[in-house]
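[1] Give me a model of this one.
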Amino acid sequence: MPSVGVYLDEQPVTTIGGILPIHIYDIERVEALAGPQGTLYGRNSAGGAINIVTNKPGSEFSADGTVEVGNYNAMMLTGALNLPLSDTVSTRFAYYRSERDGFYKDTGLN
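    Numbers count the residues shown, from 1 in each chain. As a prediction, this is how the structure comes out:
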């Protein structure tokens, strides 16, 4: 068990390998808290805690996005949309997609 706890919006990330295998888009900030953090985050945070805070919905309409292309048919799409539905209710959507072809092609010759 790692001695540094990883949290996404103050919820523990408990997957094997922690936070490394996933991509996170549309974040507000990353908090690195020196250890021990057992009082705030539990016994698995003896060495400290990393808290990733995502953007929250706001009261104004906003949208942004990027498209990146590269070699080996690499393509990365990101986007975020903030929609105020009323004076008291709003929602936020974020999108991330990344693709890339391999370095070698299978010619079928063995």
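[2] so what's the most centrally placed residue in the chain up against?
    Central residue of the chain (Cα atoms, centre = their mean): Ile24, 1.5 Å from the mean position. The contact partners of Ile24, taken as Cβ atoms under 8 Å, 6 or more residues apart in numbering, are Leu8, Ile52, Thr54. C-betas here are computed from N, CA, C, even on glycine.
[3] Okay, helices next: where are they in the protein?
    Ranges of helices within the chain are 38-41, based on DSSP state H.
[4] Below-threshold pLDDT in it: ranges please.
    Residues of the chain that meet the criterion pLDDT under 70 lie in 1-2, 15-22, 37-44, 110.
[5] which stretches of it form strands?
    Ranges of strands in the chain, per DSSP state E, are 4-8, 11-12, 27-34, 48-54, 62-70, 74-84, 90-99.
[6] Let's have those strands in TSV, adding distance to Asp106 and mean neighbour count.
    As requested, the strands of the chain are exported to TSV (distance: least, Cβ to Cβ, whole Å; neighbours: other Cβ atoms under 10 Å):
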stretch	distance to Asp106	mean neighbour count
strand 4-8	37	20
strand 11-12	41	12
strand 27-34	38	11
strand 48-54	38	18
strand 62-70	22	10
strand 74-84	19	15
strand 90-99	18	13
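[7] and stretch 95-105, how far out from the chain's middle?
    18 Å (Cα atoms, centre = their mean, to the nearest Å).
[8] Compute the first-to-last residue distance for it.
    30 Å (Cα to Cα, to the nearest Å).
[9] any residues touching it, and which ones?
    Contacts of stretch 95-105 (Cβ under 8 Å, 6+ apart): 23, 25, 65, 70, 72-80.
[10] how about 7 Å then?
    Stretch 95-105 is contacted from outside by His23, Tyr25, Tyr72, Asn73, Ala74, Met75, Met76, Leu77, Thr78, Gly79, using Cβ atoms under 7 Å, 6 or more residues apart in numbering.
[11] ok, the closest residue to the fifth one other than its chain neighbours - how many residues close by?
    Nearest non-adjacent residue to Ala74, counting by Cβ to Cβ, 6 or more residues apart in numbering: Arg100, 4.2 Å away. One way to gauge burial is a neighbour count; for Arg100, by other Cβ atoms under 10 Å, it gives 12.
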